[in-house]
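> One predicted model, sequence on top.
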Amino acid sequence: MHNGGPHGHHVDLLERTSAEVNKEVLGWTTRTSSKYWLLVLALAAVTVLGVIGFIMKAGDGGLDSHLPWGYLAAGLAFVLTTSLSAPLIAIAPRLAKAHWTRPISRIAELWSVAGLLVLLIMIPLLITLPSAADRNTMWFYNKIAEGWPPGAPYLYIVLTLVFLVINGFGLLWASAIPDFAAARENATGWRKTWYTRLSLGWVGTKRQWRALRAGLGVLGALYFMFLVFAHTVVSFDFAQSLVPGQRDSIFPTWQALGGIQAALATVIVTAFIVRLAGGFKDYININQFWSLAKLMLASSLLWMYFWWSGFIVLWYGKTPLQQNLLDLMWFGPYLTIFIMTILLSFAAPLLLLMWNGVRKSILGPTIVAVLILAGAFLDKIRIYVSSYSIEDVNAHALDHVPAGVTPESADIMILMGVVSGSILLFTLALKFVPIINMWEVREGMLLQEIRPLKKLPLKVIAKPE
Amino acid sequence: MQQRPALTEIDINRDLLRPILATPMWFYGLLMFLGIFVAAALGAFAWAINHGTGVYGLNRPVMWGFLLVNFVFWVGISHAGVMLSAILRLCNAEWRRPATRAAEVLTVFALGTAALHPLFHLGRPWRIYWSMPPGYDFGRGIWPDIRSPFVWDPTAISTYLTSTALFVGLLLLPDIAVLRDRSSGMMQRVYSMLSLGWRGNTRQWKLQVIAGFLLSALILPVFVSVHSIVSWDFAVQIAVEGWNATIFAPYFVIGAVHSGVAGVISILALLRWMFKWENYIRDDHFDALARLMIVVAVGWFYFFIIEFMMGFYPNEEPELSLRALQLTEWPFNAAFILFALTSFFIPVPLWLFRKVRRNVALMFWTTILVNIGMWLERFLIIIPSLMRKQVLTFNWGSYNPSPIELILVGGSFAMVFTGVLTFAKFFPIIPLSDAKEGEIMATEIRVGKVMVPAAYREE
Amino acid sequence: MAGRSILGLFKEVDEAVEAADKLKENGIDDFEVLTGSPYPEGAFGEKVSNHRLYVWPLVGAALGFSIAILVTAGTQLAYPVVTGGKPILALPPMFIIAYEGTMLGAILSTIIGVIFESRLPKAKLGLYDTRITEGYIGLSVVVPDGNTDRVDALFKAANAADVKLEPVSA
């Protein structure tokens, strides 16, 4: 139903019965076509290519030094920034009781399955990471007492990422319990077995709903905190602490913010594809893209602000170390990538999304999202490849800027494999977990309606306590 | 929001215009009492002009003391206006309605008071005009050095002050029209002139709504830039340990939001008690504001931890000496503990409880605690760092605030409250049009047997 | 024949809506709705007005940016002292001041734009009633002199609390 305001604006509300919602969403979830399997095959092939690239590189340079592995570290950071940050788009608006996230919250949460890839990539990176013994790390290894804290940084990186991934899976599972319960009724075979197991006997009593909401609140808040901590840990241990003399306090927060920006972009692009592929145009409509676009504009502006805060302090000081850091990170061998990142992650979003007509469309935010994802990809390469290129990580300060590290064919294969691997995991998962959060959408239909205010049909939104 | 007694426009006019049209006697008494402190502050400033800045406790190396702490504090408080008004307006949050103008007015007076502090600080305050072109002695070819953060400061502060003051003024037009219609005599003529001929037709209201959104979106970047620039007064300096950190800008901004929103909550509690506005500043407003405070406080705490931790990260002696001074030596160790407790560890756990969030007295006192803590935070950033108590320097110094500085700091609080109260005497501190719009847009949706509070949403 | 303003005052919102409908049925669709609180545009069935407010912040921003660049570049070139190893034309500080200038320009011109587009300031208030700010809804129409009785009757039929006619100018 549209409310035709005098401006010709229309704001769409879903007009379906509960049974229709279940049928449409579950129908698409349980149906697989040859196109789908072709896509899975193609993604699997590229992922295998990535594995081959890794084996080539491991065989060539070995796992003795961290120097060759900058591109793999960039890959891990990119998946962390995009896929693992995506669940935030479900968590934050749910806490604020916003209605517009309802049809896309599952898309956001489902991206946490790419965490499995992160855990896999983490292993060779940990093997090649230099010891924390004679350099500054966020764990202050050997600084307070000899050999303390034990296992730093490896143990804590593992704990952080493992807890993050478990939390992500937990959040996904919890939010899907009522939908699994709806799915088990009409499912057959292995689906019925697994939907029944995973729905934990859900019947939808008041007590169960209350427990679910509390659980989603706690898991969501924990995920947010773990994610920020994960960004902090990864950006310190795989980037900042490998550059002697760098003490950039805004860097981890800037990376976390980049994660929010990339998360929005990931969800927009995925929502665009899902609404076309699944025929969900009535579910995922202009409301979602408009709201996400506004947030994407805000996060792009904040991204630039955080970058500028880091830059101005280094630029102003003009010490030799600060000038070397400026060169290494931005104005030296990686200048071209840096300029492209500024254009893709800031200039394009600002110049396009500042127009309401672009924000309030389906294609506009999607195009900007693709540009942002490209910018995030290049930015991770710039950061991690430059950090991994420093030979003497135990020096006191960076006294010269090494030459830029161009990717070998193995590096390109690895990067393609990482991106494809995370998309593969998502694609496989979406044919098991209903891609639209059915219970949230049904709840939204109860709490929104179109009602005339005198002569004007307007949307009415309820926000229960 | 859950509880809402239905209010007519007559009710709203009568209740919210009472401080203006039927000012109680205690109001004047309160203004006179605050005026004593304002006069004392102005007297202290006059004394400093007459006797020179030697009357302050400042000396090498602690050249910035209480006055700069106070400057940063009030700039911080001024950030509440835009945070609440702009961001909540853009998010269509219904619970912003009573808070927006109080927050904006607090911004204007806090920022104006903050802007006085560099003036207090100057050796020759009558040369303040040198900070902006063409004020400098350009007859001799000397211009302000725009490479310095001390030139970025007045640019940012004057931009923010001008923008917020005009923003308040523009959105006041409908309320001034109400005063024009309800007052008589000289005041009626003044309000008539100020209302610019407002009639309240659809076009004028539509532009007011659009102006609210558009100006909110334009002022938000200014708000972020102001406290960032104030932070760069410290952060760009390589010579002072504890200051040269890249995180200062967002750290200061989120700290400003933390203290500013706390300040607004304190003001709202006072307004509710003073003018008996329980129907307008309701328990659920405090509930929503407290939940916002939890999010802001946790974010601020994260920035604080990172900033503090990075002090230890490079493992360099001068900075470690500074941190040792902050954590272990009197009075900074006591100040540190007090700061941690009052700005985070007491208020935030309390706010997790619904009963606390909906208790106006508790919200008032916890937000006062937050601002005590945030004042101490700025104290701990500025003064220990300047004391230079490191190895291999002959620049050790300490700092004792003089009575003149203490009077100026205390007087600044009186200045801000006087400003807000004076505004409340002549203009409605809770926007009438917002309150009335809230009544129009409030409705309910039936879900089974329950009526759930809802609101119309204009897209 | 010259037009005269006639103002109908309604205590209830529904009465005003009914009166607005009656005006439109009688071929009068250009009427002004006066309210003491903001109703969404179109709530009374009135015509939508267009505005060009969005031009103002762009023009102001461009102006503010240009002035800021001129001032910062000009003062640096006029007094070229190397401070802290920074170049004479230091772009980052210029950007900061230009940013503030741009935002100030945009905001100032937006405020002027809102006042202008609201057709303010107005020297004379015109046909008005102070009860509007107490919750009454005003419907104001300009009609040819001979038609005022018809509109008067129309308003009264919709239960108007009062009907005011613009005085005839001497």
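Yep, it's here.

> rest of the way, CA atoms for contacts and neighbours
OK.

> Can you pull the poorly scored residue ranges out of the chain?
Let's take chain A. A:1-11, A:465 (pLDDT under 70).

> wrong chain, I was asking about chain B
Applying pLDDT under 70 to chain B flags the ranges B:1-4, B:132-141, B:389-393, B:459.

> How are the strands of it distributed by residue range?
B:442-447, B:450-457 (DSSP state E).

> for the last one, packing partners?
Translated: strand B:450-457. Judged by 3 or more CA pairs under 8 Å, 6 or more residues apart in numbering or on different chains; DSSP states H and E, strand B:450-457 is in contact with strand A:456-462, helix B:432-441, strand B:442-447.

> got the buried residues for it?
Within strand B:450-457, the residues scored as buried using 16 or more other CA atoms under 10 Å in any protein chain shown are B:452-456.

> swap in stretch A:326-340?
Per 16+ other CA under 10 Å, stretch A:326-340 contains these buried residues: A:326-335, A:337-338, A:340.

> export those to TSV and tack on secondary structure?
Converted to TSV, those look like this (DSSP: H, G, I helix; E, B strand; the rest coil):
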residue	secondary structure
A:Leu326	helix
A:Asp327	helix
A:Leu328	helix
A:Met329	helix
A:Trp330	helix
A:Phe331	helix
A:Gly332	coil
A:Pro333	coil
A:Tyr334	coil
A:Leu335	helix
A:Ile337	helix
A:Phe338	helix
A:Met340	helix
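
> excluding its backbone neighbours, what's nearest the most centrally placed residue in chain C?
The centroid of chain C falls nearest to C:Ser118 when counting by CA atoms, centre = their mean (1.8 Å). Leaving aside its sequence neighbours, C:Ser118 sits nearest to B:Gln204 (CA to CA, 6 or more residues apart in numbering or on different chains; 5.0 Å).

> Next, the contact list for the one you found, please.
B:198, C:118-119 (CA atoms under 8 Å, 6 or more residues apart in numbering or on different chains).

> Same check on A:Ala176?
So A:Ala176 contacts A:199, A:433-434, A:437 (CA under 8 Å, 6+ apart).

> Same question for B:Ala361.
The neighbours of B:Ala361, taking CA under 8 Å, 6+ apart as the test, are B:Ala269.

> How about the one 3 residues further on?
Going by CA under 8 Å, 6+ apart, B:Phe364 touches B:265-266, B:269-270.

> Of the residues you listed, which is the nearest to A:Ala19?
B:Ile265 (46.1 Å; CA to CA).

> Next, count neighbours for the closest one.
28 (other CA atoms under 10 Å in any protein chain shown).

> now do the one 3 residues further on
B:Leu268 is surrounded by 25 other residues when neighbours are defined as other CA under 10 Å.

> Could you do A:Phe229 as well?
19.

> what about it, helix or strand, and which?
helix A:206-237 (DSSP states H and E).

> Provide a list of residues in contact with the closest residue to A:Ala181 other than its chain neighbours.
Nearest non-adjacent residue to A:Ala181, counting by CA to CA, 6+ apart: A:Ser199, 5.1 Å away. Neighbouring residues of A:Ser199 by CA under 8 Å, 6+ apart: A:176-181.

> what two of these have the greatest distance between them?
A:Ala176 and A:Ala181 (8.5 Å).

> I'd say B:Val151 and B:Tyr129 touch.
No - in this structure, B:Val151 is not within contact of B:Tyr129 by CA atoms under 8 Å, at 11.6 Å.

> In terms of neighbours, single out the busier of the two.
Counted by other CA under 10 Å, B:Val151 and B:Tyr129 do not tie: B:Val151 has more neighbours, with 19 against 12.

> how close does B:Trp273 get to B:Ile267?
Counting by CA to CA, to the nearest Å, the gap from B:Trp273 to B:Ile267 is 10 Å.

> from what I can see the residue nearest to the centre of chain C touches B:Arg203, true?
Yes - contact criterion CA under 8 Å: C:Ser118 and B:Arg203 qualify, at 6.5 Å.

> Report the two of the contacts of B:Phe364 separated the most.
Spanning the widest gap among those are B:Ile265 and B:Leu270, at 8.6 Å by CA to CA.

> Give me the pLDDT for C:Asn144.
Check again: residue C:144 is Pro, not Asn. At C:Pro144, the model reports a pLDDT of 84.

> Show the contacting residues for residue 102.
The chain I'm using is chain A. A:Arg102 is in contact with A:437, A:440-441, A:444, counting by CA under 8 Å, 6+ apart.

> Sorry, I should have been clearer: chain C.
So C:Thr102 contacts C:60-65, C:68 (CA under 8 Å, 6+ apart).

> change it to 7 Å
C:Thr102 sits next to C:61-62, C:64-65 when contact means CA atoms under 7 Å, 6 or more residues apart in numbering or on different chains.

> nearest to chain A, of the residues you listed?
Nearest to chain A out of the contacts of C:Thr102 is C:Ala61 (CA to the nearest CA; 13.6 Å).

> Verify the stated contact: the closest one with C:Ala106.
Yes - between C:Ala61 and C:Ala106 a contact is recorded at 4.3 Å, counting by CA atoms under 7 Å.

> what's the spacing between B:Trp277 and B:Trp152?
From B:Trp277 to B:Trp152 the distance is 41 Å (CA to CA).

> And those two? Which one has more around it.
The neighbour comparison of B:Trp277 against B:Trp152 (other CA under 10 Å) goes to B:Trp152, with 25 against 18.

> Can you name the helix or strand that A:Pro252 falls in?
Assigned by DSSP H and E, A:Pro252 falls in helix A:251-277.

> The contacts of C:Thr102 also near chain A: which ones?
Filtering the contacts of C:Thr102 for proximity to chain A by CA under 7 Å from any CA of the partner chain leaves nothing.

> Out of these, which sit inside helices?
C:61-62, C:64-65 (DSSP state H).

> And the residues you listed, which is closest to chain B?
Closest to chain B out of those is C:Ala61 (10.4 Å), distances taken as CA to the nearest CA.

> Measure how buried the closest one is and give me the count.
By other CA under 10 Å, the residues close to C:Ala61 number 24.

> Now do the phi/psi pair for the residue in chain C sticking out farthest from the centre.
When distances are taken from the C-alpha mean of chain C, C:Gly85 lies farthest, 51.0 Å away, according to CA atoms, centre = their mean. Main-chain dihedrals, C:Gly85, degrees, to the nearest 10: phi 80, psi 10.

> try C:Leu9
phi -110, psi 130.

> My read is that it contacts C:Ala160, right?
Yes - using CA under 7 Å, C:Leu9 is in contact with C:Ala160, at 5.5 Å.

> Now do the same for the one residue in chain C that gets nearest to chain A: helix, strand or coil?
Nearest residue of chain C to chain A, counting by CA to the nearest CA: C:Ala43, 4.7 Å away. State at C:Ala43, reduced to three classes by three-state DSSP: coil.

> show me what contacts it?
A:453-456.

> Ok, B:Ile10 next?
Neighbouring residues of B:Ile10 by CA under 7 Å, 6+ apart: C:134-135.

> Please list the residues of chain C that sit near chain A.
C:42-45, C:48.

> Let's see if you can find the most crowded of those residues.
Neighbour max across the residues of chain C next to chain A (other CA under 10 Å) = C:Phe44, 24 neighbours.

> Do a quick rundown of the helices in the stretch 101-250 of chain B.
With DSSP state H, counting those that start in this stretch as the criterion, the stretch 101-250 of chain B has helices at B:149-182, B:185-194, B:202-235, B:248-275.
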